[in-house]
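Here you go, sequence then predicted model.
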Amino acid sequence: MSTPAAGERHWLRMISDYVRPHRGPFVAAGVLLLASSLLGLAQPLAAKALIDGLTAGQGVGGALAVLTGLVLLAALLLGVGNYLILRTAEAVALDGRRGLVRHLLRLTVPALQRQAPGDLLARVAGDTMLLRQIASQSLIDLFTGGVMLLGAVALMAVVDLALLGVTAIVVVLLVVIMGLLMPRIRSAALRSQESVGEMGAALERALGAFTTMKASGTEATEAARIDAAALAAYRQGVSLARWGSVAGTSAGLAIQVAFLVVLGVGGARVASGAMPVSALVAFLLYVAYLTHPVMQLIGASTYLQIGRAALTRIAEIDALPTEPIDLPPAAEPAGAAAVAVVPAGAAAAGVHERGGGPAEVVFEGVCFGYPDRDEPALRELTLRVPAGGLTALVGPSGSGKTTVLALIERFVEPQQGRILLDGRPLADWPLTELRAAIGYVEQDVAVLAGTLRENVAYATPGATDEEIREVLQTTRLHTLLDRLGGDLDAPIRHRGLSLSGGERQRIAVARALLRRPRLLLLDEVTSQLDAANEAALREVIQEVSRRTTVVVVAHRLSTVLAAEQIVVLENGTARSVGSHPDLVRTDALYASLAAEQALV
Ligand SMILES: Nc1ncnc2c1ncn2[C@@H]1O[C@H](COP(=O)(O)OP(=O)(O)OP(=O)(O)O)[C@@H](O)[C@H]1O
């Protein structure tokens, strides 16, 4: 948002984008609420007829019936209109949440890494709630309140122009006060939402490193950090409440002042015979009636300022870059319960024929640097990973091994050079197809809350029990399965905390293997395994490398001794390539690594 004017347009366009798909119910609700208010407007006129009838000593039965009918019908229309608008507002919030979640899930990896997850959660949950308030309270209230205000003013003009002039002065004064208050309300709302986001981020930080926090004894520090954000949210909330009540009180006061002034001036005019008492009663009823639309307009403007703050925060997420990944359309709200949850990875499985021949990967002069780093992570890296067989990437910490894998997965894009998979530049591969061909086990493996089956078949929703059990056997996870009573559907706890590090690694390997990828990328998968399990996984890797291309990153050279090709990376370039015996002879760095690990 470069200029306020641009921000303004953007904000209004966002509201209109949210509302447009629901304009039918919105218009219907608006019409019902307006009709209800119009019936309310007619009530003083009916009251005037009733009083005139009483004064003239005529029968009032008809006027009484009309007045009662008006009251009942207005209440009915109000009820139905309110229900409709609240339902539509929920639908707008649903659209907002879905849109935001879909956008978040499609973010590029670097874009997501720059965000605090706790703040994102606050935006999805809290800011979309405010969106609902804009839709329910602000828009319709602005419309009906505005129309009713104009209607009341027009009818007041019909009743008595002089008294209208008196009322108008008070109303104009009120508008000026509101003009001064609204920017304060908006900035307090924005800061309040930001503080809630900061609180979420601070809490997420503490919960995400819970055991580290406990072990470091930093509960008090973390509590203070979260407390500071909570306190900031409180202060801004109080400030919002203060300006909101100033707005509400000014409006109420203005109406009362108008009422008293009209009573005084009108009383004098009645006494002088300039207007009948029925006209004064009607006018006073209109002034009293003004309270509702004026309060509506003040409330709507206040919510609009708060909602605008939320929209600003949603727009910030919308502006983050996403990957070109199609997600299936969301279910209609009415049918949501009936629609089965689409298992994650199903979309990819749809495009990818499981299995297939081993893939070849070629890096041609690839340069890559992370955005916030001066030093490039890869410098003109040229490398060929032949189809089939085991290729190992070794080298000192920070030499760029993980970055090579991230580039193959297209989590990040090279700034120079190109990468080819089966002779086709990665940029030409549809992203879902590319990723479906690859099995990737990252360094910090993720175990998701859910069952063992959900975890292992995460990328392969169609896998049979037999296939899952087989891959569990291969990765020596059958002991874990036994511990779970042989039940694939037994839950493993949130974030996999009930699993050992080695089990988590093997679950991730099992997940990748079940996919039968054409290219398997393994980043430090043996780092947390004991010698027996490492040897077993080494065998698995060798076995898999007979039918697929396997690239392993390993500090433990024992894992890669049998690799057909070992690439030694240093400072983002391949300093040498060869087999273990070759490299021990020809590459001093490799020889020293091997010597450190007693492998020569
Ligand atoms: N997301 C990131 N943002 C900024 N810099 C990064 C990021 N990821 C890695 N780096 C930096 O890029 C360089 C290469 O990192 P990379 O993770 O590829 O090394 P590595 O060889 O896999 O290291 P290790 O063996 O310790 O895992 C390092 O200097 C690292 O600090």
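Cool, got the structure.

G248 and Q296 touch, don't they?
No: G248 is not in contact with Q296 according to CB atoms under 8 Å; the separation is 11.4 Å. Backbone N, C-alpha and C define where each C-beta goes, glycine included.

Of those two, give the one with the bigger neighbour count.
Neighbours per residue (other CB atoms under 10 Å) separate G248 from Q296, with Q296 holding more: 24 against 14.

residues contacting the more buried one?
By CB atoms under 8 Å, 6 or more residues apart in numbering, the contact set of Q296 is D141, L142, T144, G145, M148.

Neighbours of the residue of the stretch 51-200 of the chain found nearest the ligand, how many?
Nearest residue of the stretch 51-200 of the chain to the ligand: Q113, at 5.6 Å (CB to the nearest ligand atom). Neighbour count of Q113, defined by other CB under 10 Å: 11.

now do L448
By the measure other CB under 10 Å, the count of residues near L448 is 15.

Now it: closest residue in space, sequence neighbours ignored.
Counting by CB to CB, 6 or more residues apart in numbering, L448 lies nearest to N455, which is 5.8 Å off, once chain neighbours are set aside.

mean confidence for the strand or helix carrying that neighbour?
Taking DSSP states H and E as the definition, one finds N455 inside helix 452-456. Per-residue pLDDT over helix 452-456 has a mean of 91.

what do you get for stretch 165-176?
Averaging pLDDT along stretch 165-176 gives 86.

and the residue nearest to A157 when sequence neighbours are not counted, helix, strand or coil?
Nearest residue to A157, sequence neighbours excluded (CB to CB, 6+ apart): L164, at 5.1 Å. Counting by DSSP: H, G, I helix; E, B strand; the rest coil, the backbone at L164 sits in helix.

does L164 really touch M156, like I thought?
Yes: with the criterion set as CB under 8 Å, L164 and M156 qualify as a contacting pair; they are 4.7 Å apart.

Tell me, how many residues neighbour the residue nearest to A157?
That count, for L164 with other CB under 10 Å as the rule, works out to 21.

Show me where the chain dips below the pLDDT cut-off.
Per-residue confidence of the chain (counting by pLDDT under 70) places the weak regions at 1-9, 333-355, 494-497, 598-600.

Which segments of it make up each domain?
Under the assignment the TED database, the domains of the chain span 1-160+275-322, 182-273, 361-597.

mind checking which of those is nearest I169?
Of all the domains of the chain, domain 182-273 sits nearest to I169, with 8.5 Å by CB to CB.

so how far is the closest one off the chain centroid?
Domain 182-273 has its C-alpha centroid displaced from the chain centroid by 23 Å (CA atoms, centre = their mean, to the nearest Å).

Equivalent analysis for stretch 481-498, please.
Using CA atoms, centre = their mean, we find the averaged C-alpha position of stretch 481-498 to lie 30 Å away from the chain's own average C-alpha position.

re the thing from before, would you turn the contacts of Q296 into CSV with secondary structure?
What follows is these, written out as CSV (three-state DSSP):
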residue, secondary structure
D141, helix
L142, helix
T144, helix
G145, helix
M148, helix
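
neighbour-wise, which of those residues leads?
In terms of neighbour count, T144 stands highest of the contacts of Q296 at 27 neighbours, by other CB under 10 Å.

Give me the nearest residue to that one, chain neighbours excluded.
The shortest distance from T144 to any residue that is not its chain neighbour, by CB to CB, 6+ apart, is 4.7 Å, and that residue is L33.

Could you double-check that that neighbour lies in contact with V80?
No: applying CB under 8 Å, one finds L33 not in contact with V80, separated by 9.1 Å.

Let me see the ranges of the helices in the stretch 101-250 of the chain.
109-113, 117-122, 128-133, 140-159, 161-208, 210-216, 219-271 (DSSP state H, counting those that start in this stretch).
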